[in-house]
Structure formats: C-alpha cells, structure tokens
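> Next one to model:
(one chain, ligands or ions: 1)
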Amino acid sequence: MTITVWNEFRHEPASDAIRSIYPNGIHGAIAEHLSKYDGFSVRTATLDEPEHGLTQDVLDATDVLIWWSHIAHGDVTDAVAERVQTAVQQGMGLIVLHSSHFSKPFKRLMGTTCGLSWREDDKHERLWVVDPTHPIAAGIDRYIEVPEAEMYGEFFDVPTPDELVFISWFAGGEVFRSGMVWKRGYGKIFYFRPGHETYPIYHQPQIVQVIANACRYLNNDRATVTGIGSCPHQTESPESLRVRA
Ligand code: ZN
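The predicted structure is shown next:
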C-alpha cells in the first residue's frame, strides 16, 4: 500500500517550539511512524513543491492520502483540490487530520461549511470508542487519553457520517465527533480530530495506531474501479442480451 502524507509545512519552519516537537515536520513524523508498519510504503508531499507535490502521477500511485493543513488552506490551488476530490471518488482513501477540517479537498467532498468551535486551553481530551468492532478502532481499549489538547466542539457542520468511530470529551465540558467515515464514489474519507502543531500528539502510539488502522481500512483496490462519474446510456438491457444469447 502506498501512503502519501501531505503537510502545508508552514508552522514548523517558523517556530522553534513547534520544530522541537516535529523536527522533520508533522508529515515527517507521521511518515516515520507509519513506515514501521508491515506493507506500508510511505512518502511525503508539501504545499511549496510544484503542484503541491500532488501531481496526477503521484495521486494515481497513492492508495491513501493523509492531509494536514491549518494556516494555508487558501494557498492550495483549486486545480489540486479538485484533483484530490476526483481521486477520492475514484477510490483513493483520504485521512483528514485536525485543522484540515477547513481544507479545500475536505470541504469539496463534504459539501458543507465544515465549521466547528475551538479553544486552546491545554487540557486533556478523552476519545471514546463508540464502535468497538470497527477496524479503525482495532487495538484501542475503551478510550484514548490525550494529555494536552486543543478543544474542538460541536456543532461540527459536516454531513451525518456513514460510520462514527470516536466521540471526544473535553475537560471544559464540550463533546465532539472526532472519528468519522464517509463514502464518496469508490473512495472513503476518515476525519480524525487529534493533532495541533504545539502538542506531540502525532508521536502518541495509540494515535499512530488509529491512523495506521485507517490506512488499511481506506485502502481500495483502485484497479477495480470503473464507470465512476460517467453517465452511460444503456441501450440494451441485460435481459435482452440474455434472450438474444
Ligand atoms: Zn489546532
């Protein structure tokens, strides 16, 4: 399975504090952790590369794309956002992390505002597993505790998910749908809330485990995809073909 980890990569070069947590960038950290899993071939791409590192060839060869963005959503070209959307409809998996709820590809795929509420208060978060037999929750006990987190609260304006895997509880009293799956065409999208550039959340083993589980769950055999996005006029019915045969 080929996994591409994409990051806008704007916070890390600009802050010593953030770079001390993610010296090779958030994308580098996630790629390094995922590379230890059997069967994963992991590469990275960033915003400032030509075509944001997401050429058609790269997307064609990607089974699962992981997306992290925060302050530069608007710098992603509409052409690349549309290319990612189309790749998902054709079967590519997409994992959307944390502040990427406002990324162009996610908003296009959801068709909603994707707004939510938030507060940076350095308190703990508990992600409760609400679908314990879901493959994305494999190996996770009743909950994951994140010692320091930014709060994200409802209402999170996304379509009702096809599958809900995690709900977060925050020390301030808010709750949030933190792990959700949608199907679009032949592809699946997993939104996973944990993250934030000032916390070492992407080094936490349970968080990495969930992302790895999601890669396996979202991976499709893209070679089997036919006909998505077309509107063929079926001039003959299967029954007329059968009778003629
Ligand atoms: Zn954040």
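
> Can you show me the helices along this structure?
11-14, 16-21, 25-34, 56-60, 78-89, 104-110, 205-218, 238-244 (DSSP state H).

> Show me what from this structure comes close to the ion.
Neighbours of the ion within the chain, by Cβ under 5 Å from the ion: 99, 150, 196. Using the backbone N, CA and C atoms, a C-beta is placed for each residue, glycine as well.

> So for those, which is the shakiest by pLDDT?
Least confident entry in the residues of the chain next to the ion, by pLDDT: His196, with 94.

> Could you give the number of residues near that residue?
Per other Cβ atoms under 10 Å, the neighbour tally for His196 reads 23.

> Next, the contact list for it, please.
By Cβ atoms under 8 Å, 6 or more residues apart in numbering, the contact list for His196 reads 98-99, 120, 149-150.

> again with Cys215
Here Cys215 is in contact with 1, 3, 34, 37, 40, 63-64, 66, 93, 95 (criterion: Cβ under 8 Å, 6+ apart).

> and the residue of this structure nearest the ion?
Residue of the chain nearest the ion, by Cβ to the ion: His196 (3.6 Å).

> How much space separates that residue from Thr46?
19 Å (Cβ to Cβ, to the nearest Å).

> go on, Ile26?
The value you get for Ile26 to Thr46, if Cβ to Cβ is used, is 10 Å.

> what sits against the residue nearest to Arg108 when sequence neighbours are not counted?
Excluding the flanking residues, the one nearest Arg108 by Cβ to Cβ, 6 or more residues apart in numbering is Gln85, at 4.7 Å. Contacts of Gln85 were listed using Cβ under 8 Å, 6+ apart, and they are 105, 108-109.

> which residue is nearest the middle of this structure?
Ile95 (1.4 Å; Cα atoms, centre = their mean).

> sorry, back to before: of the residues of the chain next to the ion, which is the nearest to Glu236?
Proximity of these to Glu236 (Cβ to Cβ) peaks at Ser99, which lies at 50.6 Å.

> ok, how many other residues are close to the closest one?
As a burial measure, Ser99 scores 21 neighbours (other Cβ under 10 Å).

> Equivalent analysis for His134, please.
So His134, with other Cβ under 10 Å, has 18 neighbours.

> Kindly report the same for Asp157.
So Asp157, with other Cβ under 10 Å, has 12 neighbours.

> And Glu236, by the same measure?
8.

> That one: what's it in contact with?
Glu236 touches nothing, counting by Cβ under 8 Å, 6+ apart.

> which residues are contacting the longest strand anywhere in the chain?
For the chain, the strand with the greatest residue count under DSSP state E is strand 117-129. Strand 117-129 is contacted from outside by 137, 140-155, 165-172, 174, 178-179, 193-194, 196, using Cβ under 8 Å, 6+ apart.

> Any of those residues buried? List them.
137, 140, 143-144, 146, 149-153, 165-170, 174, 178-179, 193-194, 196 (16 or more other Cβ atoms under 10 Å).

> Which of those fall in strands?
Short answer: those in strands (DSSP E) are 143-144, 146, 149-153, 165-170, 178-179.

> about what we covered before: need the residues touching each of Ile26 and Thr46.
Common neighbours of Ile26 and Thr46 (Cβ under 8 Å, 6+ apart) are 7, 9.

> So if I had to pick from these two, which one is more boxed in?
A side-by-side neighbour count of Ile26 and Thr46, using other Cβ under 10 Å, places Ile26 first with 28 against 18.

> how close does that one sit to Ser35?
On the measure of Cβ to Cβ, Ile26 and Ser35 end up 15 Å apart.
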